[in-house]
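*Asks:* Whatever this is, show me its structure:
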Amino acid sequence: MLDLGIVITSYNTRDLLRICLHSVYASHDIALDVCVVDNASSDGSAEMVATEFPQVHLIANEENVGYPRANNQGLRAFGFDRPSADRDVPRFALLLNPDTELPPDGLAQMLVFMDEYPAAGVAGPKLVMLDGSLDLACRRSFPSPEVSLYRLLKLSQLFPHSRRFGRYNLTYLDPDQVAEVDSVVGAFMLVRAEAIAQVGLLDEQFFMYGEDLDWAYRIKAAGWRVYYNPAVTVLHVKRAASRHSLRAQVEFYRAMDIFYRKHYAAQTPRWLHVLIVSALSLRKGIEQLRCALISARRRSEVGL
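*Replies:* Below is the predicted model of the structure:
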């Protein structure tokens, strides 16, 4: 049986994807397979994978179908959507971003961790960015109305060590200590096959952002635990695929709206519900207007 089925969704990150795949195949003592799902990249990412990594199962989409749908394509390729006694489904699935670079023993250590914590449905490592700083998204609380309000009012930045105000990115925790958390980030999200069998695949209502939080929420609701394991450190370039996308910030606020309505709206007082929905709609509208203005300016510059 395979230990690990790795799904990497790529979008115009060819050179980083190459580094990522080299680091995956340099991993020690792991029985793994890799599926790369390319979301219609224009930089030759799919061609690079086909040429340089023929052992990879490549799915080349003709359009950008979004992060959760593409990841689900990879998860289905491994059989995580329909596990059965007569199918050799890997023990674990790993969602991995193409802008990550793994240490040689990182995957082996993470699997040992999951074996030591049998109640863990999800685990993630310590992610560090190019400047050596912690990627704060690698351990998070769910964005409940209360936690999101502290973030919006910047109380989480003013009081990062407060257990009350610092919950958004759990900045009050020691970054070098194992911790049970609400969620880790989809850049490196290790998930037990049994947990996937219980809750299903990623929610394709999301396009980018929020789907990893939603998956962790459903997995925790099914009785599993989510852990942050800093014994493994992974390099994360961060937003390599989305930094040039005008759509990214619009999708961020759309994702937060979906997550809120799905998990919190029913128990939120009416006055607060109206406030939250209005605030998210306003922020999304502002980003849509900004995108439209930038697109119009770009078109006019091309026409000059």
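
*Asks:* Just say helix, strand or coil for Gly74.
*Replies:* Of the three states, Gly74 takes helix according to DSSP: H, G, I helix; E, B strand; the rest coil.

*Asks:* Thought Asn39 was touching it, still the case?
*Replies:* No: if you go by CB atoms under 8 Å, Gly74 and Asn39 don't touch, sitting 11.4 Å apart. Glycine gets a C-beta too; all of them are placed from N, C-alpha and C.

*Asks:* Overlap of the contact sets of the two?
*Replies:* Residues touching both Gly74 and Asn39 (CB atoms under 8 Å, 6 or more residues apart in numbering): Thr9.

*Asks:* how far away is the spatially closest residue to Trp224 that is not a sequence neighbour from Asn61?
*Replies:* With sequence-adjacent residues excluded and distances taken as CB to CB, 6 or more residues apart in numbering, Trp224 is closest to Gly121, at 2.7 Å. Distance of Gly121 to Asn61, computed by CB to CB, to the nearest Å: 28 Å.

*Asks:* surely Tyr228 meets Asp176?
*Replies:* No: counting by CB under 8 Å, Tyr228 stays clear of Asp176, with 10.4 Å between them.

*Asks:* what does the one helix or strand Gly5 maps to rub up against?
*Replies:* Using DSSP states H and E, Gly5 sits within strand 4-10. Contact partners of strand 4-10, identified using CB under 8 Å, 6+ apart, comprise 17, 20-21, 24, 30-39, 41, 45-46, 49, 67, 70-71, 74-75, 77-78, 80, 89-98, 107, 111, 241.

*Asks:* Sort out for me which of these are in helices.
*Replies:* Among these, DSSP state H puts 17, 20-21, 24, 45-46, 49, 67, 70-71, 74-75, 77, 107, 111 in helices.

*Asks:* Show me the two of those residues that sit farthest apart.
*Replies:* Ala46 and Leu111 (28.7 Å; CB to CB).

*Asks:* is Val37 in a bridge, and if so with what?
*Replies:* Val37 has the following beta-bridge partners by DSSP bridges: Thr9, Ile59.

*Asks:* That one touches Gly74, doesn't it?
*Replies:* Yes: applying CB under 8 Å, one finds Val37 in contact with Gly74, separated by 4.9 Å.

*Asks:* Name the residues contacting each of these two.
*Replies:* Val7, Ile8, Thr9, Ile59.

*Asks:* Out of those residues, who's the most crowded?
*Replies:* Of all these, Thr9 has the most neighbours under the rule other CB atoms under 10 Å, reaching 30 neighbours.

*Asks:* neighbour count winner among Gly121 and Asn61?
*Replies:* Gly121 (27 against 18).

*Asks:* related to what we said a few turns ago, can you tell me which of the ones in helices among the contacts of strand 4-10 comes closest to Ala255?
*Replies:* Tyr67 (10.0 Å).

*Asks:* And for the closest one, the neighbour number?
*Replies:* 27.

*Asks:* quick one: contacts for it?
*Replies:* Thr9, Gly186, Phe206, Phe207, Met208, Tyr209, Glu211.

*Asks:* Those residues in helices, which ones?
*Replies:* Short answer: the contacts of Tyr67 in helices (DSSP H) are Glu211.

*Asks:* By pLDDT, give me the weakest of the contacts of Tyr67.
*Replies:* Of all the contacts of Tyr67, Met208 carries the smallest pLDDT score, 89.

*Asks:* list the contacts for that one?
*Replies:* Gly66, Tyr67, Ser242, Arg247, Ala248, Glu251, Ala255.

*Asks:* Give me the average confidence score over stretch 44-58.
*Replies:* 98.

*Asks:* Could you find the closest non-adjacent residue to Cys219?
*Replies:* Careful, residue 219 is Ile and not Cys. That would be Gly121: by CB to CB, 6+ apart, it lies 4.4 Å from Ile219.
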